[in-house]
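Asker: Quick one, what's the 3D model for this:
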Amino acid sequence: MFSYGVVHGGWGHLFFNMLTLYFFGRVVEQYFSLAFGNTLGIVLYVVLYVSALAVSSIWDLVKYKDDWNYNAVGASGAVSAILFASILFEPKMGIYIYLIPIPVPGYIFAPLYLLYCWYMAKRNMDNIGHTAHFWGAVYGLVFPLICRPDIFRHFLAQLGL
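Answerer: Now for the predicted structure:
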């Protein structure tokens, strides 16, 4: 449930995950530190990341428990959790998609990403853990709200609601 998160399908897979973690992880770490203090904020950041490795893989673990040929590698589910936690904290933050020079606001990117992951998981046509991405993203929204429910008011305020 955890070791698969340190093994990747190649250097590109590792690079993309770590680049995403680098950019969006700083946002989550800063907000957690502001909300909970430096020490607890960093601890919660690590707990979010490590627990997201397990949470994002539960669906596939149950679904493929009897399939000895199934394997999963990469930290993408946990990285999706960090990405979505950052969207919760800064929903208007611009997110660049595959070298497209126009940023997409997080509040638009998030539902599109979830729909894409759900659709691709249903198709099951490639060797990508779309369900891990989906559940990791959902967990990235839920975990901070469990820790501090008033974060949702901050989210709405960022959107002007």
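Asker: Quickly find the element holding residue 146.
Answerer: Assigning secondary structure by DSSP states H and E places residue 146 in helix 130-147.
Asker: Run a quick neighbour tally on the nearest residue to residue 58 once chain neighbours are set aside.
Answerer: Leaving aside its chain neighbours, residue 58 sits nearest to residue 135 (7.1 Å; criterion: C-beta to C-beta, 6 or more residues apart in numbering). C-beta: built from backbone N, CA, C; applies to glycine. Residue 135 has 23 neighbours, counted by other C-beta atoms under 10 Å.
Asker: can you check residue 38 too?
Answerer: Residue 38 has 11 nearby residues by other C-beta under 10 Å.
Asker: Now do the same for it: its pLDDT.
Answerer: Here the pLDDT value assigned to residue 38 is 92.
Asker: ok, residue 130 to residue 60 distance?
Answerer: 10 Å (C-beta to C-beta, to the nearest Å).
Asker: picking up where we left off before, just checking, next helix/strand downstream of the helix holding residue 146?
Answerer: Helix 130-147 is succeeded, C-terminally, by helix 151-158 (DSSP H and E).
Asker: Counting by contacts, list what that following helix packs against.
Answerer: Counting contacts by 3 or more C-beta pairs under 8 Å, 6 or more residues apart in numbering; DSSP states H and E, helix 151-158 packs against helix 76-89, helix 130-147.
Asker: who's in contact with the last one?
Answerer: In other words, helix 130-147. Contacts with helix 130-147, where a contact means C-beta atoms under 8 Å, 6 or more residues apart in numbering, come from 31-32, 35-36, 44, 48, 51-52, 55-60, 63, 72, 76-85, 87-89, 110, 113-114, 117-118, 120-121, 151-152.
Asker: from the middle of its chain, how far away would that helix be?
Answerer: 6 Å (C-alpha atoms, centre = their mean, to the nearest Å).
Asker: all strands of this structure, in order?
Answerer: 94-95, 104-105 (DSSP state E).
Asker: Given the last one, what are its sheet partners and their directions?
Answerer: Here the strand partners of strand 104-105, with direction, are listed using DSSP bridges: strand 94-95 (antiparallel).
Asker: And the longest helix belonging to the chain, what's buried?
Answerer: If you go by DSSP state H, the chain has its longest helix at helix 11-36. By 16 or more other C-beta atoms under 10 Å, the buried positions in helix 11-36 come out as 13-14, 16-17, 20-21, 24-25, 27-29, 31-33, 35-36.
Asker: same for that helix, what does it pack against?
Answerer: Using 3+ C-beta pairs under 8 Å, 6+ apart: helix 11-36 touches helix 38-55, helix 76-89, helix 130-147.
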